[in-house]
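Peer 1: A structural model of the following input is requested.
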Amino acid sequence: MASSSVPYAYPAGGIHHLKVDGLSHSYGDRRVLTDVSFSVAPGDRIGLIGENGVGKSTLLRLLSGAEPPDAGLLTRPASVGLLQQELPYDARQSLGEVLEAALAGVRAAERELEHAAAALAGPAAGASGSTGASDPAARYARALETAERLEVWSAEARRDEVLAGLGISGIPLRRRIHEVSGGQRSRLALAALLLARPEALLLDEPTNHLDDDASAYLACVLRGWTGPVLFASHDRAFLDDAATAVIDIDPSASQAVRRFGGGFSDYLAEKAAERERWERRYETEQEELGRLRESVTVTSRQVSHDRAKRDNEKLLYDASGERVQSQISRRVRNAQRRLDELTSAQVGRPPVPLSFSGIPSGAHPLPDDAGVLIAVHRVWVHGRLATEAAPVSLSVRPLSRILVTGANGAGKSTLLTLLAGGAPTSGVETGAALSGGAVTRRKGLRTAMLAQDVRFGDPDVTPRALYARTVGEAASVRLPLAELGLIAPRDLDRAVGVLSVGQQRRLALALIVARPPHVFVLDEPTNHLSLALAGELEDAFGAYPGAVVVASHDRWLRRRWEGASLALQP
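Peer 2: Alright, predicted model coming up:
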């Protein structure tokens with residue numbers, strides 16, 4: 001793992017804020033950002049969060065100057081670096097060429113220092129009356145100050161440190177871009193940006209393709225960065241490790257952009273407190289509305305004149321009756337006015353978090369002592385999972401909670417596919433057999449898998465129709481798709497083929513949770529889910545009425561996992 005010391009920091013000279021004031025932007029007739037305002041001071045590390053499609057990547061591009069906003073003012077330092085998810089490199093470039101381009105400013109400072117030293121040593125160096133720009137001594141002093149500020153003499157050491165920290169030091173620098181993997185290209189782009197050392201950093205999902213050590217290294221670098229840093233991320237552990245504040249972009253809220261101090265844990269604590277206040281206000285308002293409705297219909301019309309009237313009161317009854325009716329009318333009007341005001345101003349019901357409790361299962365639940373549901377005995381799949389010398393064994397019981405971990409290529413998806421009843425090649429060769437070992441399953445067992453790559457056979461079917469087709473018409477009426485909180489009402493009748501990757505994954509999740517299987521298998525379940533939904537899904541695992549097996553790189557999930565774990569070796 002990389003050293004915990006700060007690798008380097010950008011010098012303080014000339015750094016100033018990133019500022020956004022009233023920024024709005026659209027693509028065609030689709031408004032992406034509306035009246036966004038915030039600032040990032042030098043030393044701030046702000047994490048951008050929000051649902052997919054709310055405009056995080058757009059905001060970063062606008063701040064970088066890659067495209068102009070439709071409206072609003074932007075203020076940024078002279079030097080701004082943007083890490084995009086789509087990389088800008090020519091596939092024919094070598095890794096060394098990319099890194100040298102990032103060090104162009106350092107190399108220029110080095111050349112200027114050499115030229116200034118030569119000029120200082122020349123015959124005109126001691127000429128009297130030389131001042132200003134033509135003064136070799138002044139030129140050398142400026143060049144030396146720049147070289148020291150940019151740490152010219154340690155450029156190669158810094159390059160090697162960054163490459164090692166990001167886990168790509170073993171790749172020959174002569175190798176071409178097209179000869180390395182997508183993950184390695186992403187790490188190279190991040191390394192080049194860190195070496196270029198712009199005043200302000202704008203990072204779009206910087207931990208994609210980073211392992212634990214590389215993520216920790218990047219957090220360490222950012223903690224030492226002197227200039228403003230703004231990064232969009234779904235990595236909750238990284239947000240906790242690196243952010244000094246979180247900005248939540250939520251176009252559906254009264255405040256489209258809200259800033260929360262601290263890391264992701266602090267954000268969660270504040271959101272939990274907000275929800276508690278929301279629930280209390282909702283309950284209080286509903287109680288008051290009930291009291292007012294009763295007052296309008298019953299209480300306001302009650303008077304204490306039910307006793308029999310004496311003879312000396314009858315002459316005054318007409319006058320007092322009129323007065324009583326006036327009082328009743330006033331009380332009814334006051335109660336009705338208050339009822340109308342509160343009805344129009346009341347808060348909505350807090351959305352119900354994702355939960356498996358109360359959802360009817362399509363299969364009879366198995367007793368806790370039902371024994372082993374799935375037994376994986378000394379299994380290996382050539383080139384995909386384990387080896388003949390070190391096979392995998394695993395037992396899944398009715399209420400098992402198992403987390404499968406391991407590096408890319410260790411076979412996590414292959415193992416999960418086997419547990420879900422598929423072929424070890426994930427369906428590419430449906431008749432493929434294990435290289436060794438055996439998988440046995442209890443008779444009548446029902447399994448379901450939330451795969452990383454969700455695909456629906458009919459791209460024209462709507463979520464509502466697909467849900468009814470999957471769970472049955474009667475079940476879809478008893479538990480409508482909209483009530484699961486996974487699909488927005490506006491998307492219920494859109495073709496699944498036009499939904500985003502995240503929306504399709506939420507639909508796949510809805511089809512499973514509506515009929516919980518005996519064994520629920522999830523491959524990287526937090527990918528493409530909002531941070532809020534990912535948290536709700538993890539919380540819901542505890543109440544799931546069956547076994548849960550999860551494979552995940554998500555450090556936040558892994559840090560908080562309370563069940564069993566299985567670490568696969570590549």
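
Peer 1: any idea which element the most centrally placed residue in the chain lies in?
Peer 2: Most central in the chain under CA atoms, centre = their mean is His234, positioned 2.5 Å from the mean C-alpha point. For His234, there is no enclosing helix or strand under DSSP states H and E.

Peer 1: In contact with it: list those residues for me.
Peer 2: 49, 205, 526, 531, 534 (CB atoms under 8 Å, 6 or more residues apart in numbering). In this view, the C-beta of every residue, glycine as well, is placed from N, C-alpha and C.

Peer 1: Restricted to helices, list those residues.
Peer 2: 531, 534 (DSSP state H).

Peer 1: For the contacts of His234, name the two members farthest from one another.
Peer 2: Farthest apart among the contacts of His234 by CB to CB are Glu205 and Ala534. That separation is 14.6 Å.

Peer 1: what ranges do the strands span in the stretch 351-500 of the chain?
Peer 2: For the stretch 351-500 of the chain, applying DSSP state E, counting those that start in this stretch gives strands covering 374-380, 392-396, 401-405, 436-441, 447-450.

Peer 1: Switch those strands over to a markdown table; also include mean neighbour count and mean pLDDT.
Peer 2: Shown next, in a markdown table, are these (neighbours: other CB atoms under 10 Å; pLDDT from 0 to 100):
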| stretch | mean neighbour count | mean pLDDT |
| --- | --- | --- |
| strand 374-380 | 19 | 93 |
| strand 392-396 | 19 | 94 |
| strand 401-405 | 19 | 95 |
| strand 436-441 | 14 | 91 |
| strand 447-450 | 20 | 91 |
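
Peer 1: from what I can see Glu524 touches Leu537, true?
Peer 2: No - Glu524 lies out of contact with Leu537 (CB atoms under 8 Å); the separation is 11.8 Å.

Peer 1: Pick out whichever of the two has more residues nearby.
Peer 2: Ranked by neighbour count (other CB atoms under 10 Å), Glu524 and Leu537 place Leu537 first, with 24 against 20.

Peer 1: Would you confirm that the more buried one belongs to a helix?
Peer 2: Yes - counting by DSSP: H, G, I helix; E, B strand; the rest coil, Leu537 is part of a helix.

Peer 1: what separates it from Ser552, distance-wise?
Peer 2: Between Leu537 and Ser552 the computed distance is 11 Å (CB to CB, to the nearest Å).

Peer 1: which residues do those two both contact?
Peer 2: Joint contacts of Leu537 and Ser552 (CB under 8 Å, 6+ apart) are 525-526.

Peer 1: helix, strand or coil for Ile46?
Peer 2: Under three-state DSSP, Ile46 comes out as strand.

Peer 1: What about it, how many residues nearby?
Peer 2: Neighbourhood size, Ile46 [other CB under 10 Å]: 21.

Peer 1: What residues are bridge-paired with it?
Peer 2: Bridge pairing for Ile46 (DSSP bridges) gives the partners Leu230, Ala245.

Peer 1: Phe231 is in contact with that one, correct?
Peer 2: Yes - counting by CB under 8 Å, Phe231 is a contact partner of Ile46 at 7.4 Å.

Peer 1: what residues are shared contacts of those two?
Peer 2: Ala243.

Peer 1: which helices and strands does the helix or strand harbouring Ala118 pack with?
Peer 2: Secondary structure assignment for Ala118, by DSSP H and E: helix 104-121. Packing partners of helix 104-121 (3 or more CB pairs under 8 Å, 6 or more residues apart in numbering; DSSP states H and E): helix 136-149, helix 155-165.

Peer 1: What residues does Glu388 make contact with?
Peer 2: 380, 435-436 are the contacts of Glu388 under CB under 8 Å, 6+ apart.

Peer 1: switch to 10 Å and redo it
Peer 2: Applying CB atoms under 10 Å, 6 or more residues apart in numbering, we find Glu388 in contact with 378, 380, 382, 435-437.

Peer 1: Could you do Leu202 as well?
Peer 2: 18, 40, 48, 59-64, 66, 76, 80-84, 193, 228-232 are the contacts of Leu202 under CB under 10 Å, 6+ apart.

Peer 1: quick one: secondary structure of it?
Peer 2: strand.

Peer 1: Distance check, it against Leu48.
Peer 2: Taking CB to CB, one finds Leu202 at 10 Å from Leu48.

Peer 1: any common contacting residues for these two?
Peer 2: Contacts common to Leu202 and Leu48, judged by CB under 10 Å, 6+ apart, are 59-60, 230-232.

Peer 1: For the stretch 351-500 of the chain, which residues score under the pLDDT cut-off?
Peer 2: Along the stretch 351-500 of the chain, segments meeting pLDDT under 70 span 357-369, 423-433.

Peer 1: got the residue ranges for the helices in it?
Peer 2: In the stretch 351-500 of the chain, the segments counted as helices under DSSP state H, counting those that start in this stretch are 412-419, 463-471, 473-478.

Peer 1: Of those, which is nearest Gly371?
Peer 2: Here helix 412-419 is closest among the helices of the stretch 351-500 of the chain (CB to CB), at 16.3 Å.

Peer 1: Out of the contacts of Leu202, list just those in strands.
Peer 2: If you go by DSSP state E, these have 18, 40, 48, 80-83, 229-232 in strands.

Peer 1: Between the helices and strands packed on helix 104-121, which has the poorest mean confidence score?
Peer 2: Mean pLDDT is lowest for helix 136-149 out of these, coming in at a mean of 88.

Peer 1: quick revisit: and the residue nearest to the centre of the chain, its phi and psi?
Peer 2: phi -100, psi 0 (degrees, to the nearest 10).

Peer 1: if we can go back for a sec, can I get the shared contacts of Leu202 and Leu48 in a markdown table with distance to Ala108, neighbour count and pLDDT?
Peer 2: Listed next are the shared contacts of Leu202 and Leu48 as a markdown table, based on distance: CB to CB, whole Å; neighbours: other CB atoms under 10 Å; pLDDT from 0 to 100:
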| residue | distance to Ala108 | neighbour count | pLDDT |
| --- | --- | --- | --- |
| Leu59 | 31 | 27 | 93 |
| Leu60 | 27 | 20 | 94 |
| Leu230 | 27 | 26 | 97 |
| Phe231 | 28 | 25 | 97 |
| Ala232 | 31 | 24 | 94 |
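
Peer 1: of all these, which two lie farthest apart?
Peer 2: For the shared contacts of Leu202 and Leu48, the maximum inter-member distance is 11.3 Å, found between Leu59 and Phe231 (CB to CB).

Peer 1: and for these two, which residues touch both?
Peer 2: 48, 202, 204.

Peer 1: Make sure Lys56 is actually in contact with Ala232.
Peer 2: Yes - contact criterion CB atoms under 10 Å: Lys56 and Ala232 qualify, at 3.9 Å.

Peer 1: if I pick the nearest residue to Ala532 once chain neighbours are set aside, what's in contact with it?
Peer 2: Of all residues not flanking Ala532 in the chain, Lys271 sits nearest, at 7.9 Å (CB to CB, 6 or more residues apart in numbering). Residues near Lys271 by CB under 10 Å, 6+ apart: 246, 248, 260, 531-532, 535.

Peer 1: Scan those residues and report the most crowded one.
Peer 2: Busiest of the contacts of Lys271 [other CB under 10 Å] is Val246, holding 25 neighbours.

Peer 1: Roughly how far does that residue sit from Ile49?
Peer 2: Distance from Val246 to Ile49, by CB to CB: 6 Å.

Peer 1: need the ones in strands among the contacts of Leu202 in TSV with distance to Ala216, can you?
Peer 2: Below are those laid out as TSV (distance: CB to CB, whole Å):
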residue	distance to Ala216
Leu18	25
Val40	23
Leu48	21
Val80	25
Gly81	21
Leu82	23
Leu83	18
Val229	16
Leu230	20
Phe231	15
Ala232	19
